[in-house]
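In: A structural model of the following input is requested.
(one chain, ligands or ions: 2)
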Amino acid sequence: MAAHTPFIPEILTEWLPAQRWFPVKGETVDLTVVGGTVLEDPAGDAGFEVHFLAVTSGKRTDVVSVPISYRSGPLDDAAAGLIGQVDHPELGARWAYDATHDADFVRLWVDFILSRRSTPDGRLAGVVVKAPAGQEPGTEQPVKVLQGEQSNTSVVYGSGPGSMIVKFFRVLAAGESPDVQISAELTAGGSTDTPDTFGWVTGTWQVPDGEPGQHVTGHVSVLRDFVEGSTDAWRTASAAASSAADFTAAARGLGRAVARIHQQLDGAFGSRTATEVEEKEFKDALAQRIRWAWEEAGDVVGPLDGEVERIIREIQAVEGIPPLQRIHADLHLGQVLQAPDGAWLIIDFEGEPLRPTAERSVPDVTVRDVVGMVRSLEYAAASRGAAPLGSPDAAATEQWSDAARGAFLEGYAEEIGAPVDTAGPLFRALWLDKALYEVVYEIRNRPDWVEMPARDVRRALGAQSGADATKAADMNTPKNTGPDKGAGQTNLVAKAAKTVAGTAKGRSGQGHQRRRGGRGQGPRGGLRPDRGAAGRGRHRRPHARPCRAVRPAAGVGGRVPPAPRGAGRPPRQRRRRHRPDAAPSRAVRRGRHRVRPYGAPARAQRHLGRRPRGGEPGPRPRLPARGDVRGRPDHRRRPVPVPADTRRDRHAPDR
Ligand SMILES: Nc1ncnc2c1ncn2[C@@H]1O[C@H](COP(=O)(O)OP(=O)(O)O)[C@@H](O)[C@H]1O
Ligand SMILES: O=P(O)(O)O[C@H]1O[C@H](CO)[C@@H](O[C@H]2O[C@H](CO)[C@@H](O)[C@H](O)[C@H]2O)[C@H](O)[C@H]1O
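Out: Numbering: from 1, shown residues only. Ligands and ions are numbered 1, 2, ... in the order given. Okay, here's the model as predicted:
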């Protein structure tokens, strides 16, 4: 590789931590080169390199992928991808770009996959699972880097029919990425419920801190059909909810699509009965997760501890959980595209994101995905705004929600050929788990949105404990929202809200006071989510982890909070605010000329400490109670979130 000054990884010490996908887990990060290779630019104009870097912070190490393109001058329309300027001993000044922003690199990359090439050193290899129709390698195509809070970098290649989307994974994992594995199997099986996967690139890198010569291989990138003109189902559903437009036909179709995906996954990977041990693990993990989330969210929801415990007892008493199979595991409206012809397409099969790759492929119960989508529809309904309890608007929200949820469940049941048992303990426990997780997620990411899931939890738990047994119906069965029943439901909600208000003060006296005083302010009323944000797609999804005491063991479908990955990481927004003040790393300041062949890893250390502005020791930003980075594969994830900045716009190209 070229001997630039500064060389990798010094050149990246400032740039990397500023990237959304960077899996920072602490204030000090060590960068070590663990692999990389050169791709020849056929035109001879640019230097293309792909670098794999181990990012170590504390006890945790991730491997990130950074393709770089070196140019002799600024590249048109690629300013957003500029890493910096470097000097080459023979060539002089070079402009270094994140190569995903370089159209020539992306074209080469797509050709690399479609021509099933591999580099002479064998470190990168292209694989084709299905050849795209009408794509001639080498054809010049426009590229657009999708913007937004994505955990990877996706680039649209081409325009109009035949265009493709190439995803560059940023945090790599050894072994098969569930996203690639599942989508490839679905494509091979002829699925029309997910975009076609054409091929991928595997990469090989040295195991960080492993024995010399110890290498692993994993997915680095995947190439798919780009569904031109598609919209994100969250946008579609929340827009329909806002205008009170009927969404039942769409929701029914969505239910059918999810059911077909489950059938296809069963066909591709099989299903089986859980062993006794697996069943116990499943129930324990679910119970522990609910308890943990309740610890985090209870203050905001209200004193419904008894109801939460009752649901936990019920799930523990279940004998015989449904068969286990591969599922999506992270399903919500933001993971669904609607094609221009109205078809729903499920995407992003990365699974439980904070878990290690191997655990993300663990089979689970399909009802988890059903619950994920049900919750998302309930969210979409709530996104129209929290109207005063008992108002016609509040009734309309419930009506839309119940109708959409009911239609979704009907569609799912029609396709599967059996009804979904929404009244059973499994559904109820998974629903509560998901809804509480969302409360925690919103506390940490979008505080203005907290009221949406919190209300739903109150409504559900309040209905369970309501004095009027005739109205305390199954919390997830669509309710008749006619004038009479609607009023009854409102009473229950009002009752729950009153209970919250009435007992909030008494908590400490009852020994129920939560740990985090700052969050115990109780529910906020009348909040309306920021429409602009809601319309802009998906949010960052970093999740925190539970305290050690309640962290359950990993197990089948446990969706247990993962091992620590950066607890205490400051909110990204705050980190960013401080980043501009950060001084260059020592290595960069010295401007050393460092050339390190692969195999003799270079190290650079980046201190991400917050530096006070103007030398003033400003107040330290409050850290999330238990923050973690989300940065998919192996990062971003679950189950608990960290603060985020803005919502994603996954469709907005930056060029
Ligand atoms: N096949 C596709 N066709 C059209 N848009 C897509 C396609 N795949 C992904 N997208 C868009 O790119 C965004 C990011 O894709 P996703 O696979 O979720 O990436 P990430 O793993 O980075 O979150 C999606 O939200 C969607 O807007
Ligand atoms: O980024 P991920 O896909 O991993 O998901 C995380 O972010 C989601 C926010 O986009 C969050 O979803 C919650 O909000 C959605 C609306 O924005 C709603 O449709 C979901 O039902 C609700 O859970 C998800 O929980 C979180 O893991």
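In: Dihedrals phi and psi, Gly84?
Out: phi 160, psi -180 (degrees, to the nearest 10).
In: residue contacts, it?
Out: Taking CB atoms under 8 Å, 6 or more residues apart in numbering, we find Gly84 in contact with Ile11, Glu14, Trp15, Ala96. For every residue, glycine as well, the C-beta is placed using N, CA and C.
In: 10 Å instead, please
Out: Shown in contact with Gly84 (CB atoms under 10 Å, 6 or more residues apart in numbering): Pro6, Ile11, Leu12, Glu14, Trp15, Arg94, Trp95, Ala96, Tyr97, Val588.
In: how close does it get to Asp77?
Out: 18 Å (CB to CB, to the nearest Å).
In: what's the answer for Val308, then?
Out: Distance, Val308 to Asp77, using CB to CB: 53 Å.
In: swap in Ala46?
Out: Taken as CB to CB, the span from Ala46 to Asp77 is 15 Å.
In: And for Ala358?
Out: As judged by CB to CB, Ala358 and Asp77 stand 40 Å apart.
In: can you give me phi and psi for the closest residue in space to Ala329 that isn't next to it in sequence?
Out: Nearest residue to Ala329 in three dimensions, chain neighbours excluded: Gly351, at 4.2 Å (CB to CB, 6 or more residues apart in numbering). Gly351 adopts backbone torsions of phi 80, psi -160, taken as degrees, to the nearest 10.
In: So for Val308 and Asp77, which residue has more residues nearby?
Out: Val308 (21 against 14; other CB atoms under 10 Å).
In: Now do the contacts for that one.
Out: Val308 touches Ile290, Arg291, Ala293, Trp294, Ala297, Gly298, Val301, Leu432, Leu436, Val457, Leu461, Gln464, counting by CB under 10 Å, 6+ apart.
In: One more: Leu39?
Out: 46-50, 67, 69, 99, 105, 108-109, 112, 117, 119, 124.
In: try 6 Å this time
Out: Shown in contact with Leu39 (CB atoms under 6 Å, 6 or more residues apart in numbering): Phe48, Leu108.
In: Report the beta-bridge partners for it.
Out: Judged by DSSP bridges, the bridge partners of Leu39 are Phe48.
In: what residues does stretch 230-241 touch?
Out: 247, 333-334, 336-339, 380-381, 383-384, 400, 534-535, 537.
In: what about 7 Å?
Out: Applying CB atoms under 7 Å, 6 or more residues apart in numbering, the contact partners of stretch 230-241 are 247, 254, 333-334, 336-340, 344, 377, 380-381, 383-384, 400, 534-535, 537, 650.
In: Which secondary structure state does Glu378 sit in?
Out: helix (DSSP: H, G, I helix; E, B strand; the rest coil).
In: and Pro74, how many neighbours?
Out: Pro74: 12 neighbours (other CB under 10 Å).
In: Can you get me a residue count around Asp121?
Out: So Asp121, with other CB under 10 Å, has 12 neighbours.
In: By proximity to ligand 2, which residue of the stretch 101-250 of the chain wins?
Out: Per CB to the nearest ligand atom, Trp234 is where the stretch 101-250 of the chain lies closest to ligand 2, at 5.3 Å.
In: Tell me the pLDDT of that residue.
Out: Trp234 is assigned 95 on the pLDDT scale.
In: And it, which helix or strand is it part of?
Out: Using DSSP states H and E, Trp234 sits within helix 233-242.
In: list the helices and strands the following helix or strand past that helix packs on?
Out: Next in sequence after helix 233-242, counting helices and strands by DSSP H and E, comes helix 248-269. Judged by 3 or more CB pairs under 7 Å, 6 or more residues apart in numbering; DSSP states H and E, helix 248-269 is in contact with helix 178-188, strand 324-325, strand 344-346, helix 367-382, helix 392-416.
In: ok, Asp284 - how many residues close by?
Out: 17.
In: any idea how far it lies from ligand 2?
Out: 22 Å (CB to the nearest ligand atom, to the nearest Å).
In: Report the separation between that residue and ligand 1.
Out: 30 Å.
In: Same check on Arg71?
Out: 26 Å.
In: What is the burial count for that residue?
Out: 19.
In: Any buried residues in stretch 209-220, and which?
Out: Val216, Thr217, Gly218, His219, Val220 (16 or more other CB atoms under 10 Å).
In: Residues contacting that stretch, please?
Out: So stretch 209-220 is contacted by 65, 124, 169, 172-177, 180, 200-207 (CB under 7 Å, 6+ apart).
In: between the helix or strand hosting Lys280 and helix 367-382, what angle do the directions make?
Out: Assigned by DSSP H and E, Lys280 belongs to helix 276-301. Relative orientation of helix 276-301 versus helix 367-382 (axes from the mean of the first three to the mean of the last three CA atoms, to 10 degrees): 20 degrees.
In: Let me know the secondary structure of Trp95.
Out: For Trp95, the secondary-structure state derived from three-state DSSP is strand.
In: For ligand 2, state which of the contacts of Gly84 is nearest.
Out: Of the contacts of Gly84, the one sitting nearest to ligand 2 (CB to the nearest ligand atom) turns out to be Trp15, at 23.7 Å.
In: is it true that that closest one touches Ile83?
Out: Yes. With contact defined as CB atoms under 7 Å, Trp15 and Ile83 form a contacting pair (4.7 Å).
In: So between those two, which is more surrounded?
Out: With neighbours defined as other CB under 10 Å, Trp15 and Ile83 compare such that Ile83 has more, 21 against 16.
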